[in-house]
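A.B. asks: here's a sequence, model it:
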Amino acid sequence: MAKLLYKLGRWSFLNRWKVIVAWIIIVGATAGASAALMKPMTSEYAIDGTPAIDATRRAVELFPESGNPADSPTVNLVFKAPDGQKLSDPANFDAVQAVVDHIAANLEYSGQRFGNPLVVSPELQKEVIRRFTEMGLPEETARVDAANLAMVNAEETIAYTSFDFDAPSPYQVEPADKAVVHQAMDIGREKGLTVEAGGAGFGDDIEVNSTSEAVGLSVAFIVLIITFGSLISAGMPLISAVIGVGLGAMGVTIATHWMELNDLTPVLAVMIGLAVGIDYALFIMSRYRQERARMSGPDAAGMAAGTAGSSVVFAGATVFVALFALVIAKIGFLTAMGMAAAGTVLMSVLVALTLIPALLGLAGDKAFAWRIPWVAGNRKRGRRGKPGPTMGKRWVRFVQRFPALVMAVVVLSLGALSYPVLNMQLSLPADTSSNPDTTQRKAADLLSEGFGPGINGPFLVIVNGAEANPDAPALAPLVAAQQEGTQEDKAALGSFMYATQKLNQVGGVKHAQLVGVSKDNKAAQVLVTPTTAPTDKATVGTATALRTVNAEIADATGAEVGMTGLTAVQLDITERLEAAMGPYLAVVVGLAIVLLLIVFRSIMVPVVAGLGFLLSVGAAFGMTVLVWQMGFTGLVPAPGPLISFMPIFLIGVTFGLAMDYEVFLVTRMREHFLRHPAGTDPRITPVEDSVIEGFTHAARVVTAAAIIMISVFVAFINQPLPFIQIFGFALACGIVFDAFFVRMALVPATMFLMGRATWWMPRWLDKILPTIDVEGTALEEEWEARNRGNYNSEHEPTPA
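C.D. replies: Here you go, the predicted model:
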């Protein structure tokens, strides 16, 4: 591969205009295709095959008039009277009515519970009592059910009304319709009421700031200037990265012509693609600069592509595979996100391998011109003298003197930071976890205050009694108590009542009640209100208990029982993701060990790399839990459970990036070890010599690459979306811990401690593993043999 990439890099350097024009044409064609084929993205998170989704589909079949219980564009409009007053006071009653009238006059809506709650609630309660006593329920039970459906609290200080927007789903509500609700709330507020709105149909529109990319690129440009000491060279990686990311993002929009994609998909692709795109170009340019001191421009470009470019291909492949492997989770939107990001990484690799050599060829000897004095080793004219040891060399020598101490500090500190992971809670976004200053969160808090926290996340149990067994012992007393109907009808109604009784006995359930019966009286909806909020950890236990009881009800009655509702669907997704994390982690760590075995021909290097990755990702999770879930530092206005799909995505991305640094750092160490098996310093062992020299050559560029990545990810904390904020924070932490603690401290420390065992591998294993010359050792030997005695100082770059 190294020889092939050498030829590609050299050809791109010599045929610079062909390469540049080709990429311009590709970008233009892709932009045209994107404009012609792109379709709107969705804000929905598609997932199939969970019990709640299956129950949702069954509910739509049995109750078509009710719509999708997990995907209804519902709005909860909540009112609170001024302190010391009641909503039933004449002035407050009129204010509530004015809000309701404005919505009724200006909005298309549906829903039987919409209206002035002070009027609708008592009428609804009377209807519930009448209907269910006629069905055979005891009047006392019917009255308790009616009280649980009350839309005004006992003190008459808090009330709510609900309706559905005229839209297919919460994500397709027109902004103008939401504006009507805002206008109505302002009417109530002007009259002295507290009025807030929440619900699935009233979520904030997803917005993406364009400033994150600008901030990330600006910081990257500064870091590149410090790295290369040249304005021209600092701009080349940015050009390469922007083109690679642009192509990847446009590819995502083109894909929307054939598939539905979540609107977060391109955001994540841009975030990851921008970071790796700059870094890959940086690695190739850094190697070109080193080789240019002894080679002609074309050969230096070829050698950079053959050596650093080989590492880029390998590193990019690990990121690609790690992201692509998200298919393991079997969750549609997550797979799409992973594939989009993987595709963007692939484009970044292709652009870096061809466009960077072409740009270097275009710039010629001016590639590192416009030098800035005292930056990146530049000296003012007239100053001479041999430069002293670099900061990287001083650091690695410190690690050499105290390897056990360094290893202990890294392991203990990262281990301690990983401890909060034991308390990690996961959920999907909900009104109860929104920022406290949003109307959605305020509405949820008011509902919780007036009616209990469970009102924000009820479950809906669907009981299909068409196949209920009339002879089931559990149904015998309920069937016998009915005077009219066939045995099948009695069994169906009996299964409804039996299910309600059993569900009311589940711990964590405030109340369970019948709320609807199908037109043929064969199926029923049972509303189960928990005692805790949807994002509360206890609600997960309640949901688990409800599933167990549902299975028992089905066994006892023969009826078909399923549980749906927005909370049930979200919990199912969370559990699916939690279950997928273990296998996914095993796959990526196993992949790392196998790939590093092939590349470095060592047993211990892959083991240390894999364990180091677990430490760094654990510490990143721990810090994220501390700050975003537990509220440590007080910087997060609404600490709460982390978004469900953040951990598995973070594992994939961090793994790929961790392998980047492992490859670029250890490759230089192994390269030196292979070229100088006896070492170059008689005072230390060959292994120590290779670690010191390899680290010294790679430390500067790896440090710059890590700082660039951290800056890009930190810039995305500025996004308004909590998921992007958390993801940017977690990735930045992951890079800090992996690049600086693991790769630049733990890895060299363990190598110094292991000595010769660092590069040990059983002969039988060495024979069966394929050989990949990532270091480009054979390439360099071939070049040196070909050019020995034919090279002179005229090939050195002309100072700018």
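A.B. asks: centroid-wise, who is the farthest residue in this structure?
C.D. replies: residue 483 (57.2 Å; Cα atoms, centre = their mean).
A.B. asks: give me the residues contacting the helix or strand hosting residue 551.
C.D. replies: Assigned by DSSP states H and E, residue 551 falls within helix 537-557. With Cβ atoms under 8 Å, 6 or more residues apart in numbering as the test, helix 537-557 has contacts from 51, 425, 457, 459, 461, 463, 465, 468-469, 472-475, 491, 494-495, 498-499, 502-503, 505-509, 528, 530-533, 559-563, 567-568, 571, 574, 641. Yep, even glycine has a C-beta here, placed from its N, CA and C like the rest.
A.B. asks: after that helix, which helix or strand is next?
C.D. replies: strand 560-564.
A.B. asks: any idea of the angle that following strand forms with helix 537-557?
C.D. replies: 170 degrees (axes from the mean of the first three to the mean of the last three Cα atoms, to 10 degrees).
A.B. asks: just the helices in the stretch 401-550 of the chain please.
C.D. replies: Under the criterion DSSP state H, counting those that start in this stretch, the stretch 401-550 of the chain contains helices at 403-418, 439-451, 476-480, 487-504, 537-557.
A.B. asks: any idea which of these scores lowest on pLDDT?
C.D. replies: Of all these, mean pLDDT reaches its minimum on helix 476-480 (a mean of 86).
A.B. asks: which helices and strands sit right next to that one?
C.D. replies: helix 487-504 (3 or more Cβ pairs under 8 Å, 6 or more residues apart in numbering; DSSP states H and E).
A.B. asks: residues making contact with the helix it packs on?
C.D. replies: Here helix 487-504 makes contact (Cβ under 8 Å, 6+ apart) with 135-137, 461, 463, 465-466, 468-470, 472, 474-475, 478-479, 482, 485, 509, 511-514, 517, 521-524, 526, 528, 546, 549-550, 552-553, 556-559, 561.
A.B. asks: among these, name the buried ones.
C.D. replies: Buried positions within the contacts of helix 487-504, assessed by neighbour count (16 or more other Cβ atoms under 10 Å), are 135-137, 461, 463, 465-466, 468-470, 472, 474-475, 478-479, 482, 509, 511-514, 517, 521-524, 526, 528, 546, 549-550, 553, 556-559, 561.
A.B. asks: among the helices of the stretch 401-550 of the chain, which is nearest residue 125?
C.D. replies: helix 439-451 (13.9 Å; Cβ to Cβ).
A.B. asks: okay, residue 239 and residue 525: tell me how far apart.
C.D. replies: Using Cβ to Cβ, to the nearest Å, we find residue 239 at a distance of 59 Å from residue 525.
A.B. asks: which stretches of the protein form strands?
C.D. replies: 74-80, 109-110, 158-165, 194-198, 426-427, 459-464, 509-517, 523-530, 560-564, 642-643 (DSSP state E).
A.B. asks: now the helices of the stretch 401-550 of the chain as a markdown table including distance to residue 624?
C.D. replies: Formatted as a markdown table, the helices of the stretch 401-550 of the chain follow (distance: least, Cβ to Cβ, whole Å):
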| stretch | distance to residue 624 |
| --- | --- |
| helix 403-418 | 10 |
| helix 439-451 | 21 |
| helix 476-480 | 51 |
| helix 487-504 | 36 |
| helix 537-557 | 17 |
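A.B. asks: thanks a lot, catch you later.
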